[in-house]
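> Pasting the sequence and the predicted coordinates here, then a few questions.
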Amino acid sequence: MSKAKKISDSQITMTELVLPHHTNQLGNLLGGQLMHWIDICAALSAAKHNQRVCVTASVDRIDFHHPIKLGEAVTLVASINRVFKTSMEVGVKVFAQNFKENKKVHTNTAYLTFVGVDADGKPVEAIEGIPETEDEKRRYDEALQRRENRLKNRIH
């Protein structure tokens, strides 16, 4: 395994503008479009941490707390929560901003599992992630519980 890295170094922030082709008939951001952005942001975080291509192994959950409207800016913040042998959990928080109303709302949370792969697409050992802040340590501990639940519910 390569040298360990700080979890904070894996953070990626992406901002997207919700345009008409991103919305449904109600003028809300399509869930599938948001999932696409979440997957990209999380993949970049995993790749940044591991310094290699990382592929999506699973999506644990995506919670939709508030609709995101046409014209709002969507900010996605992703970072590694915990690294296991070849896999890692990435957490993504999503915020919608309405600049006219000067309002920012936490709209979504997602947890995804990524695996770093070599040139042949084979899994490789991941770089260890070191949590430093209280929030990182909490996310690190919670990631183990989610992983245990995923493995317990896995279909073979």
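Everything's here; your move. Not measured: the values here are computed from a predicted model. Residues are numbered from 1 along each chain as shown.
> alpha carbons only for contacts and neighbour counts from here, please
Fine.
> which parts of the lengthiest strand in the chain are buried?
Scanning the chain for the strand with the most residues, using DSSP state E, yields strand 103-116. Neighbour-count burial for strand 103-116, counted by 16 or more other C-alpha atoms under 10 Å, picks out 106, 107, 108, 109, 110, 111, 112, 113, 114, 115, 116.
> That strand packs against which elements?
helix 31-50, strand 54-64, strand 87-98 (3 or more C-alpha pairs under 8 Å, 6 or more residues apart in numbering; DSSP states H and E).
> next one: whichever helix or strand comes after the shortest one to chain centre, how far?
Which is strand 54-64. Following strand 54-64 in sequence order, the next helix or strand is strand 73-83 (DSSP states H and E). When distances are taken as C-alpha atoms, centre = their mean, to the nearest Å, strand 73-83 is centred 4 Å away from the chain's centroid.
> Lowest-scoring secondary structure element of the protein by mean pLDDT?
Least confident helix or strand, the chain: strand 54-64 with a mean of 89, by mean pLDDT, DSSP states H and E.
> Would you mind pulling the contact partners of it?
Identification of contacts with strand 54-64 by C-alpha atoms under 8 Å, 6 or more residues apart in numbering yields 39, 43, 46-47, 107-117, 150.
> Just the buried positions in that strand, please.
54, 55, 56, 62.
> same question, stretch 137-152
So, applying 16+ other C-alpha under 10 Å, buried residues of stretch 137-152: 137, 139, 140, 143, 144, 147.
> average pLDDT across that stretch?
Averaged across stretch 137-152, pLDDT comes to 91.
> Renumber starting at 383 from here on
All right, first residue 383 from here; so that's stretch 519-534.
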